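Engineer: following is a predicted model, sequence given first.
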Amino acid sequence: MTINEKGYLSKDIYKIKREILKENSEYFKLARQTNKYVHNLKFKIKVNNQNAQEILTSTLCISLLESLSSIYILLSSRLITDSKVILRSMLEKTIKLKYIVLSYENAIEYIQQDEINRLKFMNVILNDKSNSFNKAIKENVSQQERDLLRKKIEEQDIPKPKSLEFLAEKTGMISYYNYVYRILSSNVHSDSRSIENYLKFDEKYKITQLKWLSVFRDINEDIKTIMYTAITLMLLGIESLNNIFSIEDSKFNNLVEKLKELEGDIKKHEKFHS
C-alpha cells in the first residue's frame, strides 16, 4: 500500500523516516545526545521529598524529556503539526519551571494553585445540568466538600493562577511567549490558516484535493527549527535543574556548544511556518 492509501501508517513511512533522519542528521543526533544526558542525569539527582522546589523542578524536567522524545518520534515520521502542538506544551512547561526556580515561594504557590483548579472542577460537576458526568463521579463530589475547599482557599489566601505571559515576563522568556508560543497556538487551536495547509489548490486557487500536510513537500526547514527549539527548551530545563541541585558539568556545556553550532543554519530560514 502506498502512503496515499494508508498515510503515516503506511510501510512507506519507514523509507521516508530514513530520508528525514539522514537529511537532518545533526539535529536528530544532538537530540539523541541530549536525551542520553538527561537520562543519565536523573540517576544523580537525590530529591528531598520535603522540598517543593526539588520535587517540581525534577519532575518538570523529566516531563520535558518526554516531550523531546515525542517530538523526535513525530518529526522523524514527518508529523509536523502535532510536533508543534507538543512544542507549545514544552515551552509552557519550561516557563513554569524557570518561574519555580526563582524562589521557594513560587514553588509553594504553584502547588497551592492546584486547589483553585480543584474548586473550578468541583463547581463544574455540581452545576452540571446536562448529565455530562456519570453517577459515580457526581457521588464523589459534595457541596459540603466544595464549601470546605473554598473556605480553605480563602483562609490561606491562595492567589489566583498567574498568566503564562506574566510568568514569561518574570523569567526573561517573554520573547518566546510573544513569538513562538503565539504562533504555535495556531496549531493547537486549529485556526483556519493552519488547517488550510491540508488543502491542495490549482493556479486559480481552486481546491483540487485534500492532502497530507507534510508528505509531499519539503519540510526540512520546519524539522530543523522545531528540533532546534525543542533541544533549546530541554537545555533551559537542565539549566534550571542545575540551579537547584548544582550538578552542572562539562557534558552539559558541550551540548550547549553543539547547539550554538546549529544556530547559524537555523537563522537562514524563517521560524515556525504556519
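Structural biologist: Perfect, thanks for sending it.
Engineer: CA only for contacts and neighbour counts going forward, please
Structural biologist: Noted.
Engineer: tell me the mean pLDDT for the host helix or strand of residue 57?
Structural biologist: With secondary structure defined by DSSP states H and E, residue 57 is part of helix 52-76. Mean pLDDT, computed over helix 52-76, is 96.
Engineer: buried ones in it?
Structural biologist: Buried residues in helix 52-76, counted by 16 or more other C-alpha atoms under 10 Å: 52-54, 56-58, 60-65, 67-69, 71-72, 74-76.
Engineer: count of neighbours near residue 138?
Structural biologist: Number of residues near residue 138 (other C-alpha atoms under 10 Å) recorded here: 15.
Engineer: please report the distance of it from residue 121.
Structural biologist: 11 Å (C-alpha to C-alpha, to the nearest Å).
Engineer: same question, residue 250
Structural biologist: Distance from residue 250 to residue 121, by C-alpha to C-alpha: 46 Å.
Engineer: burial check on residue 120, number of neighbours?
Structural biologist: The burial count for residue 120: 13, using other C-alpha under 10 Å.
Engineer: to which secondary structure element is it assigned?
Structural biologist: Element membership of residue 120, judged by DSSP H and E, is helix 104-126.
Engineer: surely residue 95 and residue 171 touch.
Structural biologist: Yes. Between residue 95 and residue 171 there is a contact at 6.9 Å, judged by C-alpha atoms under 8 Å.
Engineer: between the two, which has more neighbouring residues?
Structural biologist: More neighbours surround residue 95 than the other of residue 95 and residue 171, with 26 against 18 (other C-alpha under 10 Å).
Engineer: so where is the stretch 51-200 of the chain shaky, pLDDT-wise?
Structural biologist: 186-198 (pLDDT under 70).
Engineer: so residue 158: helix, strand or coil?
Structural biologist: The three-state assignment at residue 158 reads coil, by DSSP: H, G, I helix; E, B strand; the rest coil.
Engineer: which residues touch stretch 58-66?
Structural biologist: Residues from elsewhere that reach stretch 58-66, judged by C-alpha atoms under 8 Å, 6 or more residues apart in numbering: 35, 38, 47, 90, 93, 94, 97, 233, 234, 237, 238, 241.
Engineer: which residues touch the nearest residue to residue 47 once chain neighbours are set aside?
Structural biologist: Counting by C-alpha to C-alpha, 6 or more residues apart in numbering, residue 47 lies nearest to residue 54, which is 5.9 Å off, once chain neighbours are set aside. With contact taken as C-alpha under 8 Å, 6+ apart, residue 54 is in contact with 47, 48, 244, 245.
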